[in-house]
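Chemist: Give me a 3D structure for the following:
(one chain, ligands or ions: 1)
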Amino acid sequence: MTVTRNFRLAALATAAALLTLPAWAQTEVKEAWVRGTVVQQKATGAFMQLTSKQGGKLVSAASPVAGVVEIHEMKMEGNMMKMAAVSGVELPAGKLVELKPGGYHVMLMDLKQTMKAGDTVPITLTVEAKDGKKETIEVKAPVKALGAKPEMHDHAGH
Ligand SMILES: [Cu+2]
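Modeler: Numbers count the residues shown, from 1 in each chain. Take a look at the predicted model:
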């Protein structure tokens, strides 16, 4: 019966290998984090690094902790820091794109709870490829306390 057993083990190994290779791993997300909030604060930002292998566009995001999630861009207008919703963030093929304080960010609004340091926030990102195919990426973003990560352009806040 050794032959049968070996065959079964090989089949299991193949199945496991397939599970670790999703067909849609086009976009890699690293260093995701959410800025901590104080009680009653209704909005905060989520930041991360995205790399799309074949190029695409981050078109939307969602999270169970927020009633409304938008993709925002923050930029200087004169000497005022302003932020506005954008239709998405272009992800050129193979290029690391950083969502960071002072630039693009995922805006979590209508927060249902306080974002406490050490919590983990699930965020679902949707990236649209050039051919229109949509890829969904589940991200677990740890909350960092306000002021835990000094940033050069961090003074405008939200
Ligand atoms: Cu914003």
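Chemist: Distance check, residue 103 against residue 63.
Modeler: For residue 103, the distance to residue 63 (C-beta to C-beta, to the nearest Å) stands at 20 Å. All C-beta atoms are positioned from the backbone trio N, CA, C, and that covers glycine.
Chemist: er, residue 76 actually
Modeler: Taking C-beta to C-beta as the measure, residue 76 falls 28 Å from residue 63.
Chemist: now swap in residue 139 and tell me
Modeler: As judged by C-beta to C-beta, residue 139 and residue 63 stand 9 Å apart.
Chemist: joint contacts of the two?
Modeler: By the contact definition C-beta atoms under 8 Å, 6 or more residues apart in numbering, residue 139 and residue 63 are jointly contacted by 122-124.
Chemist: what does the protein have sitting close to the ion?
Modeler: Residues of the chain found near the ion (C-beta under 5 Å from the ion) are 72, 83, 107.
Chemist: List just the nearest of the residues you listed to residue 42.
Modeler: residue 107 (11.0 Å; C-beta to C-beta).
Chemist: Ramachandran coordinates for that closest one?
Modeler: Main-chain torsions, residue 107, degrees, to the nearest 10: phi -90, psi 120.
Chemist: quick one: contacts for it?
Modeler: Contact partners of residue 107, counting by C-beta under 8 Å, 6+ apart, are 43-46, 69-72, 83, 85, 158.
Chemist: Let me have the residues you listed in JSON lines, adding distance to residue 33 as columns.
Modeler: Formatted as JSON lines, those follow (distance: C-beta to C-beta, whole Å):
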{"residue": "43", "distance to residue 33": "16"}
{"residue": "44", "distance to residue 33": "11"}
{"residue": "45", "distance to residue 33": "9"}
{"residue": "46", "distance to residue 33": "7"}
{"residue": "69", "distance to residue 33": "16"}
{"residue": "70", "distance to residue 33": "18"}
{"residue": "71", "distance to residue 33": "16"}
{"residue": "72", "distance to residue 33": "16"}
{"residue": "83", "distance to residue 33": "18"}
{"residue": "85", "distance to residue 33": "21"}
{"residue": "158", "distance to residue 33": "15"}
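Chemist: What is the most widely separated pair among the residues you listed?
Modeler: Pairwise distances across the contacts of residue 107 (C-beta to C-beta) peak at 15.4 Å, for the pair 44 and 85.
Chemist: So these two - more neighbours on which side?
Modeler: Under the neighbour definition other C-beta atoms under 10 Å, residue 44 and residue 85 were set side by side, and residue 44 has more, 25 against 9.
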